[in-house]
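Asker: give the three-dimensional model of this entry:
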Amino acid sequence: MNLKTSFDGMTFNNPLMPAAGPLNGDLEKLRFLVEQGCGGITTKTISIKKPKIPKPCIYGDKTFIMNSELWSELPYQTWIDEILPEYVKDKNRPLIISLGYSKEDMEFLVPKVEKFADAFEISTHYVGTDLSVIQDTVKAIRKNTDKPIYMKISPHIPNPEGFAKAIKQAGANGVVAINSLGPTMKIDIDSREIIYGNDKGFVWTSGPAIKPIALATVYKIKQAEPSLTVIGVGGIKTADDVIEFLLAGASAVQMLSSALLMGKTLYSKIIEALPKALKKYGFSSIQEVIDSNLEKHVVYKRSLPVLDEDKCIDCMLCQKICPYFAIDYPGVITFNPDKCFECGLCIAKCPTNAISFKEEG
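Answerer: Okay, here's the model as predicted:
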């Protein structure tokens, strides 16, 4: 099974990379991610100022991470003088250096790290929503490198399509979509206090819970500007998730939060699972997924749901959750045609796939 993906002059042995964050913040961690088999490596975001990070700063729940951690806690000099020179001695896959944040930061940092990078990822997390400011940042970077530039979009940007158009005009090669969601908040009821928050009380949320937003953003950007490369990030935890992002328009993906929730070896597990997942869905390569057209069919009238009694375990979940009070149980699950709205919730939530819409025709 061919897991390779190529774009902007780079070839990745598989589409999975780490997203910028605590797992790629020094040489030991970068080498660990290489050992995990990641197709490319992204660094933690390097900036000029030293961040002031509250402790504790990372909270994990079942489906999301909340964090008030910022950019790299190591000085940029450490990256330039120690980490990057040592890492590139044995580099055998593309290295994307993540930088932040302002135009002035870029003018200072890019020339200093350019020789180590195969490409740049630029965080826009703290530069506001003014697209002209973001364009000026891209132009400043482009003056100092001819290597690929990927601007990382934050969910607070109100118009992903406009963002994509603006950065393309300024000279960027693509978008990393999306950054963590926020501001968000974590409250401890016992102590009556905000926890894990910054000085304003806020954290940023990432992980599987934000995947629907990330997928939609990837799709919007690729539909608006097909020539841009899109790297999908936000909620990936399985090989199936990787395939979904590629179908939505991504050429590669990044993951970090799920590794914090499920274990750092999740990278190698996903890469190992990819061939089987591709085969399951009838794909012969990663490139075939990328080249596939994602169809959409809007249907306004469906049939009444039907029950496969052999699969039904009488858990009654469908009846408990039905918002239209359309499911009864006179010894077997039944659907009231006068009440059923054909919303599909019971089908989505049935633990044994015992409910489906009747096939038309």
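Asker: can you list the low-confidence ranges for this protein?
Answerer: 359-361 (pLDDT under 70).
Asker: domains of it?
Answerer: 5-291, 305-357 (automatic domain parsing).
Asker: kindly check the end-to-end length of the last one for me.
Answerer: The reference is to domain 305-357. Domain 305-357 has its terminal residues 5 Å apart, counting by CA to CA, to the nearest Å.
Asker: count the residues that sit near residue 254.
Answerer: Applying other CB atoms under 10 Å, we find 26 residues neighbouring residue 254. In this view, the C-beta of every residue, glycine as well, is placed from N, C-alpha and C.
Asker: got a list of what it touches?
Answerer: Contact analysis of residue 254 by CB atoms under 8 Å, 6 or more residues apart in numbering lists 16-20, 42, 176, 231-233, 236.
Asker: residue 326 too?
Answerer: 335-336, 339-341.
Asker: buried ones from those, can you make that a ChimeraX selection?
Answerer: Buried residues within the contacts of residue 326, by 16 or more other CB atoms under 10 Å, are selected in ChimeraX with:
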select :335,340
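Asker: for residue 202, which non-adjacent residue is closest in space?
Answerer: residue 183 (3.5 Å; CB to CB, 6 or more residues apart in numbering).
Asker: is that neighbour part of a helix or strand, or is it coil?
Answerer: Following DSSP: H, G, I helix; E, B strand; the rest coil, residue 183 is assigned to strand.
Asker: wait, isn't it in contact with residue 199?
Answerer: No - using CB atoms under 8 Å, residue 183 makes no contact with residue 199, being 12.0 Å away.
Asker: looking at those two, which one has more neighbours?
Answerer: residue 183 (15 against 8).
Asker: how far away is the more buried one from residue 15?
Answerer: Shown here: residue 183 relative to residue 15, a distance of 30 Å by CB to CB, to the nearest Å.
Asker: ok so, going back, for residue 121, see how far away the residue nearest to residue 202 is.
Answerer: Taken as CB to CB, the span from residue 183 to residue 121 is 22 Å.
Asker: any chance of JSON lines for the contacts of residue 326, columns secondary structure and distance to residue 354?
Answerer: Below are these laid out as JSON lines (DSSP: H, G, I helix; E, B strand; the rest coil; distance: CB to CB, whole Å):
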{"residue": "335", "secondary structure": "strand", "distance to residue 354": "12"}
{"residue": "336", "secondary structure": "coil", "distance to residue 354": "18"}
{"residue": "339", "secondary structure": "coil", "distance to residue 354": "20"}
{"residue": "340", "secondary structure": "coil", "distance to residue 354": "16"}
{"residue": "341", "secondary structure": "coil", "distance to residue 354": "19"}
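Asker: related to what we said a few turns ago, go through the contacts of residue 254 and name the one nearest residue 219.
Answerer: Top of the list for closeness to residue 219, among the contacts of residue 254 and by CB to CB, is residue 232 at 9.6 Å.
Asker: which element follows the host helix or strand of that closest one toward the C-terminus?
Answerer: Residue 232 belongs to strand 229-233 when elements are defined using DSSP states H and E. Under the assignment DSSP H and E, the closest C-terminal helix or strand after strand 229-233 is helix 239-248.
Asker: which parts of that following helix are buried?
Answerer: 239, 241-248.
Asker: just stretch 307-315 next, same as before
Answerer: Residues 307, 312 are the ones in stretch 307-315 that count as buried (16+ other CB under 10 Å).
Asker: could you work out the end-to-end span of it for me?
Answerer: Start-to-end, stretch 307-315 (CA to CA) is 13 Å.
Asker: cool, and stretch 80-96?
Answerer: Note: stretch 80-96 ends 14 Å apart using CA to CA.
Asker: same check, this time on stretch 293-311
Answerer: 33 Å.
Asker: check contacts around the residue nearest to residue 202.
Answerer: Here residue 183 is in contact with 200, 202-204 (CB under 8 Å, 6+ apart).
Asker: which among these end up buried?
Answerer: 202-204.
Asker: okay if I get those residues as CSV plus secondary structure and distance to residue 109?
Answerer: CSV is the format used below for the buried ones among the contacts of residue 183 (three-state DSSP; distance: CB to CB, whole Å):
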residue, secondary structure, distance to residue 109
202, coil, 26
203, strand, 26
204, strand, 22
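Asker: residue 90: which of those residues is nearest?
Answerer: residue 204 (32.9 Å).
Asker: how far away is that closest one from residue 54?
Answerer: Applying CB to CB, the value for residue 204 to residue 54 is 13 Å.
Asker: against residue 234, how distant is residue 154?
Answerer: On the measure of CB to CB, residue 154 and residue 234 end up 11 Å apart.
Asker: intersection of neighbour lists for residue 204 and residue 54?
Answerer: By CB under 8 Å, 6+ apart, the residues touching both residue 204 and residue 54 are residue 68.
Asker: just give the nearest non-adjacent residue to residue 6, would you?
Answerer: Spatially, and ignoring its direct neighbours in sequence, residue 6 is nearest to residue 12 (7.2 Å; CB to CB, 6+ apart).
Asker: settle this for me: that neighbour is touching residue 39, isn't it.
Answerer: Yes - between residue 12 and residue 39 there is a contact under CB under 8 Å: 3.5 Å.
Asker: tell me the contacts of the residue lying closest to residue 85 once chain neighbours are set aside?
Answerer: In this structure, residue 85 finds its nearest non-sequential neighbour in residue 116, 7.3 Å apart by CB to CB, 6+ apart. When contacts are counted by CB under 8 Å, 6+ apart, residue 116 touches 84-85, 87-88, 95, 97.
Asker: sorry, back to before: next, the angle helix 239-248 makes with the strand holding residue 232.
Answerer: 150 degrees (axes from the mean of the first three to the mean of the last three CA atoms, to 10 degrees).
Asker: can you show me the helices along the stretch 51-200 of the chain?
Answerer: 76-78, 84-87, 103-113, 131-142, 160-170 (DSSP state H, counting those that start in this stretch).
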